[in-house]
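1. Following is a predicted model, sequence given first.
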Amino acid sequence: MSKPTVVLVHGFWGGAAHWAKAILELKRLGYDDLHAVEIPLTSLADDAERTRKMVAQVSGPVVLVGHSYGGAVISEAGNLPNVAALVFVAAFAPDAGESPGGITQQHPPVAAPNLAPDSDGYLWLKADKFHESFCQDLSADEGLVMAVTQKAPLASTFGDNVTDPAWKHKPCWYQISSQDRMIAPENQVRMSGRMNARKVITLAASHASLASHAPEVAALIDEAAQAVS
């Protein structure tokens, strides 16, 4: 039985390369058709449209995976007919009329004070606080590279609401990071609990579980893909 295509969507303060370790793990599991979308982080509409265009290039079924803010993107973009499953990795999963920013305010994360806006409207994670905030379970060297190469979102993107969340219509899987300092674990528990997910796993991981726990994340994606194949 052929495997579905896996499309990976990154979140705030990173790019498609944040999926590097998970991509290698998925390749080892036999996934040859892998795509990591590079979204602009300029608005939810822009990011969802870029993701839809990538998914539309795939002729067969797609497992759509979102990390962090990427979960809001796959919630907004995931209603395309060839999307067979959604996998949320320490991710936002807003309901209709909800935004990542609104969810964040319910339980502000530990690292919230380490965010800094610039004069152009972009929101950065302070470079000297990046490792401890985003990826404390990776090496200091990996944290430095992530800090220097971070991709800041327009701050206004935080307030963009999801319209018709795909997780209400598609089979879902969710990975909670219990040591997350960027999205409060309480928010992850609440979001995963209301989506009637096929499976929820909890890892003792930072926000960067896609890198620090790549084998477990890849295994969850594989489980979702097998379930809908």
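-> The structure has been received and is ready for your questions.
2. Can I take it that V7 is in a strand?
-> Yes - assigned with DSSP: H, G, I helix; E, B strand; the rest coil, V7 falls within a strand.
3. Can you list the low-confidence ranges for this structure?
-> Within the chain, the segments meeting pLDDT under 70 span 1.
4. what's around the nearest residue to S59 once chain neighbours are set aside, how many residues?
-> Among residues not flanking S59 along the chain, N82 sits closest, at 7.8 Å (CB to CB, 6 or more residues apart in numbering). No exception for glycine: its C-beta is placed from N, CA and C like everyone else's. Neighbour count for N82, taken as other CB atoms under 10 Å: 14.
5. ok, N82 - contacts?
-> 55, 58-62 (CB atoms under 8 Å, 6 or more residues apart in numbering).
6. Okay, and which of those map to helices?
-> Using DSSP state H, the members of the contacts of N82 that fall within helices are V55.
7. Relative to K126, how far out is the residue nearest to S59?
-> 40 Å (CB to CB, to the nearest Å).
8. Repeat that for A197.
-> A197 is 33 Å from K126, by CB to CB.
9. Tell me which of those two has more neighbours.
-> Remark: of A197 and K126, A197 carries more neighbours, 21 against 14, as counted by other CB under 10 Å.
10. can you pull the contacts of that one?
-> When contacts are counted by CB under 8 Å, 6+ apart, A197 touches 88, 172-174.
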